[in-house]
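Visitor: Got a sequence here, can you model it:
(3 chains)
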Amino acid sequence: MDPTGQMVLANRLADGQVVFLATDGSWVEDIARGALARDAVAAQRLLADAQLAESRNVVVEPYLIDIRDAAGRRQPVAFREAIRAAGPTVRTDLEG
Amino acid sequence: MYRYDEFDHTLVAERVATFRRQVARRLSGDLSEDQFKPLRLMNGLYLQLHAYMLRVNIPYGCLSSRQLRQLAFIARRYDRNFGHFTTRQNIQYNWIKLDETPDVLAALAAVEMNAMQSSGNCVRNITADQFAGRAQDEIEDPRPWCELIRQWSILHPEFSYLPRKFKIAVSGAPQDRAAVKLHDVGLYLRPNGAGVIGFEVIVGGGQGRLPYVGHTIREWLAKEDLLSYLEAILRIYNLGGRRDNPQKARIKVQVNALGAEEFRRLVDEEWEQIRFTPQLTVPRAEIERITAYFADPAWEQLTDASATVARQRSADPAFDVWNRANVVAHRRPGYAIVNLSLKAPGIAPGDLTADQMDKVAELTDRFSLGELRVSHRQNLVFPDVQQVDLQALWQALQGVSLATPNIGTLTDIIACPGLDFCALANARAIPVAQDIGRHFTDVAALQDIGELTINISGCMNACGHHHVGHIGILGVEKNGLEFYQLTLGGSSGEDASLGDRLGRSISAAEVPVAIEAIVTRYKALREGEERFLDTYRRVGLEPFKEAVYGQNPPRRQAVA
Amino acid sequence: MALIREGRLVPDPFTDASGLENLPAGVPLIVSLEQWQTRRSALLASGQRLGLRLKSDQPPRLIAADLGYFSVIALEFPKYRDGRAYTHARMLRERFKFAGEIRAVGDVLQEQLHFMHRCGFDTFDVTGPDPEKAWRTIAGDHTVAYQATGDGQPRALDLRKGTGP
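Guide: Below is the predicted model:
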């Protein structure tokens, strides 16, 4: 399945963790489990759900990001968001 | 070191309690993010790319072994086992949870530390020479004055909502190790014509998008006038600094718009009004009280042991190299100042793991009378090491990768967290530093190149001091890709200057190659013992431009 | 308008006319600097009690000679981040010895009341639904100060008994 589309990314309020909005309205850390909007209407619906979650103090600063296909996996198009999704490119020895 | 008394403890404890309440209100939804953001920033808590980041003050770079152990505890208990020392004599934790932040602040308060005003448009952590009180060239120890300024600036009712942040640095030595001229206010302790020590006052220095070297607005200020004069400067800035554009809101823009002379006139006019008010006068007893905390430690009566060290050095070339790069003369016979490099090849500049912190704390107690320092160049300093202990210390430091003999050399790189962590960054900085570090590993070659600072920032805000690196590297973003703009000839010392742009920006992979080309050209051009900076100042940009861009001169030049 | 003084809601006898074209007669009025400058004699002749509202870019020195005509100076915070009025308040109290009411108006946040009070403000038009609660919430936040302002609260360094290391 073509993973191209848009997702919503945010920081979870309580711990700041980068999370993606899932189809059931929950927020997940794994980009593969987040909801992928394939058209503008679906994307706006996702964003509206995210903003509701923001107003309910679940997440902070949600926004839409573009997703492209990287060998069958979801990859944020922008470099900044790729780093947000995957974590720092340095100090990978200290994860956890 | 300064120790909190009951008043200092109460003030910090109340602050922690207040923030605990504010965090609870945020988590319950009583405060929105818009309402909460300024409150968390005033307690040093940012929201970065991956998580919350907490910036903790290390006032004028002074730290005890007990405090360092607590920093290690915090790294383990509340973060991912490391901390990052910054160019502001702060330590940053990158993975702090909002709901645990009050506990972290309480843990800091227990060892007389805090994160107050490490962000926000207020007076930030006061910074100073990391060799304060120990350097041979020092005129007077700046630390008591730093502490006085710290207390005056904390929760100042009038100056907590300035147009923009405000940074003050103090040095008591002729050799400037604290980038004093690049601060909103810089202070040098200096004697006047009569030999009385006071302050040279410099305003309007700063980096960022609009870099300036500061202007001296007062050649000499009596010590007793320090707080009233600072209050006058802050008042003129609070009223007259621009508030319409955050990028033009620092005092440097006001000073340069008015001209240093007019700015000085305004300050003096205000100062004359408040100079003798009891509110800004500090009782002699209080100055003596604070100064007593910085009295010389319990040094032993030693004689100079240079001959012993020289014998050890000639027997062990590696120890010799480390001495030459990392050990600095102490004003007390038999003692030495030791730099601990946080720039081992492949390590993020300024990072220290919790295990390293514990080990350093142990070594601090064993070798440096329980105190250490943090430098703005993101290294640590043991201020009181007996010369006869140097070899044992060196061996112990090797065990924790803190004996890299590269202080002041081109792998002693300043780098901001960059796009790996920072929400403001346009490009990564740490991997560029790591690449350079891996490219230049030959210790003898580094020592042959000599003093050469490389400073890397991941955006125009210049937290990595790129404007004042002998070689500066600025990360920029073009069409979604990272590029790096080189500058040459910057300096943060007493001969402060801003670097000149070399030419078009280059890719990350090209950076070590370009540095190599610059260094090779320098070695060909230098006369005698001439530093890179002095060679650059003598020969200018062109030879280096040609060395880096060769047959592909920058476009602008091609058109001309 | 919800005005608090010393932690309690108090009635506000003044009408803020600084944004009005026609000034109401027979009531205490707060006027803008421009209104004062253009209608000064009429205002004085009316016998109304007067207050003056200063914007954050209007320092009190502009009006220092006239301060005696006003029982209230309202200092405006267009945004909570605009800290100029803290200086204005200190100038009014400490330099121009203004003894009347100094009122904080505009974007006045609960968390700022303490600093405002220390700078010389004594009444606050607090943003938010329950100003008395706001005041109570922050009341115990700051019992120690490192700075002296015109309010007379002693600095920590004045309270210290010369103790040292």
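
Visitor: In terms of secondary structure, what does the longest strand anywhere in chain A contact?
Guide: Longest strand in chain A by number of residues (criterion: DSSP state E): strand A:59-70. Packing partners of strand A:59-70 (3 or more CB pairs under 8 Å, 6 or more residues apart in numbering or on different chains; DSSP states H and E): strand A:5-12, helix A:40-55, strand A:73-76. C-betas here are computed from N, CA, C, even on glycine.

Visitor: closest one to chain C among those?
Guide: When these are compared by CB to the nearest CB, helix A:40-55 sits nearest chain C, at 18.0 Å.

Visitor: With just CA atoms, put the closest one into CSV.
Guide: This file holds the C-alpha atoms of helix A:40-55, laid out as CSV (Å, rounded to 0.1, in the frame of the first residue of the first chain):
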residue,chain,number,x,y,z
ALA,A,40,-7.1,17.1,1.8
VAL,A,41,-10.5,16.4,3.3
ALA,A,42,-9.3,13.5,5.4
ALA,A,43,-6.3,15.6,6.4
GLN,A,44,-8.4,18.5,7.6
ARG,A,45,-10.6,16.0,9.6
LEU,A,46,-7.5,14.7,11.3
LEU,A,47,-6.2,18.1,12.1
ALA,A,48,-9.6,19.1,13.5
ASP,A,49,-9.5,16.0,15.8
ALA,A,50,-6.0,16.9,16.8
GLN,A,51,-7.0,20.5,17.7
LEU,A,52,-9.8,19.2,19.8
ALA,A,53,-7.2,17.0,21.6
GLU,A,54,-5.1,20.1,22.0
SER,A,55,-7.9,22.0,23.6
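
Visitor: Was I right to think B:Thr101 contacts B:Phe19?
Guide: Yes - between B:Thr101 and B:Phe19 a contact is recorded at 7.2 Å, counting by CB atoms under 8 Å.

Visitor: what's the overlap in contacts for these two?
Guide: Common contacts of B:Thr101 and B:Phe19, defined by CB atoms under 8 Å, 6 or more residues apart in numbering or on different chains, comprise B:Arg40, B:Asn43.

Visitor: burial count for the residue lying closest to B:Ile337 once chain neighbours are set aside?
Guide: Among residues not flanking B:Ile337 along the chain, B:Val328 sits closest, at 4.1 Å (CB to CB, 6 or more residues apart in numbering or on different chains). When neighbours are counted by other CB atoms under 10 Å in any protein chain shown, B:Val328 registers 19.

Visitor: now B:Val328: how far from B:Arg134?
Guide: 8 Å (CB to CB, to the nearest Å).

Visitor: which residues sit in contact with residue 57?
Guide: I'll assume chain A. A:Leu13, B:Arg26, B:Leu27, B:Ser28, B:Gly29, B:Ser32.

Visitor: meant chain B actually
Guide: Per CB under 8 Å, 6+ apart, neighbours of B:Asn57: B:Gly44, B:Gln89, B:Asn90, B:Met113, B:Asn114, B:Ala115, B:Met116, B:Gln117, B:Ser118, B:Asn125.

Visitor: make it 7 Å
Guide: B:Asn90, B:Met113, B:Asn114, B:Ala115, B:Ser118, B:Asn125 (CB atoms under 7 Å, 6 or more residues apart in numbering or on different chains).

Visitor: quick one: low-confidence parts of chain A?
Guide: Within chain A, the segments meeting pLDDT under 70 span A:1-3, A:92-96.

Visitor: give me that answer again for 50
Guide: Applying pLDDT under 50 to chain A flags residues A:1, A:96.

Visitor: what's the closest of the contacts of B:Asn57 to chain A?
Guide: Nearest member of these to chain A, counting by CB to the nearest CB, is B:Ala115, at 15.6 Å.

Visitor: can you count the residues close to the closest one?
Guide: Using other CB under 10 Å, the number of residues around B:Ala115 comes to 28.

Visitor: Equivalent analysis for B:Gly370, please.
Guide: 16.

Visitor: mind checking how far it is from chain C?
Guide: Distance, B:Gly370 to chain C, by CB to the nearest CB, to the nearest Å: 14 Å.

Visitor: That residue is in contact with B:Ser64, isn't it?
Guide: Yes - between B:Gly370 and B:Ser64 there is a contact at 5.8 Å, judged by CB atoms under 7 Å.

Visitor: so what's the closest residue to chain C within the stretch 101-250 of chain B closest to, chain neighbours aside?
Guide: Of all residues in the stretch 101-250 of chain B, the one sitting closest to chain C is B:Tyr161 (2.8 Å; CB to the nearest CB). Distance criterion CB to CB, 6+ apart; nearest residue to B:Tyr161, sequence neighbours excluded, is C:Gly83 at 2.8 Å.
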